[in-house]
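**Student:** I would like the atomic coordinates for the input below:
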Amino acid sequence: MAVARPKTLRQARSSYATNGELAWWIFMRLSGLALIFLVFGHIFMNNIQINVANVDYAYVANRFSKGWVKVYDSFLLGFAMLHGVNGLRYSVEDYFKNPKRRFWAKLILFSVAIILFVMGVMTLWAFTFEEMGNAIDALPHGN
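**Tutor:** From the prediction side, this is the model:
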């Protein structure tokens, strides 16, 4: 039988024994709100401001050559990963009753999340997309 999750801050304060769980409860509400604006901003910039049919590597390379886009997408990636992983952590707590299995499930979950986050941030920040775009344009194109 699943325990009902608190819906208000007052219920959360009385339900959670540690400040850590209360902090995560608050984070989930704030990150969810932030994600709404970040995702709709992303959709607006990439699907509404331009014609989607015109999106090609040159557009992506030009977009990622701007620092503010990298910062914006890093926040989007970070909030989405933390929000999603914390939601999955709640599910692990609910469905894995055996403490050893719960430990290993969380270890795998957090390890995969960290690897994906690091790879995503590296993709955003480590590559110079203009140089890569120029290299791709220099490749012979077969007809």
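
**Student:** pull the longest helix from the protein.
**Tutor:** Ranked by number of residues, the top helix in the chain under DSSP state H is helix 67-95.

**Student:** counting contacts, what elements does that helix pack onto?
**Tutor:** helix 19-43, helix 99-125 (3 or more CB pairs under 8 Å, 6 or more residues apart in numbering; DSSP states H and E). The C-beta positions use only the backbone N, C-alpha and C, and glycine is treated the same way.

**Student:** counting by contacts, list what the first one packs against.
**Tutor:** Here helix 19-43 touches helix 9-15, helix 67-95, going by 3+ CB pairs under 8 Å, 6+ apart.

**Student:** could you dump the ones you listed to TSV with mean pLDDT, distance to residue 115 and mean neighbour count?
**Tutor:** Output for these, formatted as TSV (pLDDT from 0 to 100; distance: least, CB to CB, whole Å; neighbours: other CB atoms under 10 Å):
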stretch	mean pLDDT	distance to residue 115	mean neighbour count
helix 9-15	70	31	12
helix 67-95	91	11	15
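
**Student:** for residue 41, find the nearest of the ones you listed.
**Tutor:** For the helices and strands packed on helix 19-43, the distance to residue 41 is smallest for helix 67-95, at 7.4 Å, taking CB to CB.

**Student:** export the helices and strands packed on helix 67-95 to CSV and tack on mean pLDDT and mean neighbour count?
**Tutor:** Formatted as CSV, these follow (pLDDT from 0 to 100; neighbours: other CB atoms under 10 Å):
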stretch, mean pLDDT, mean neighbour count
helix 19-43, 88, 14
helix 99-125, 94, 13
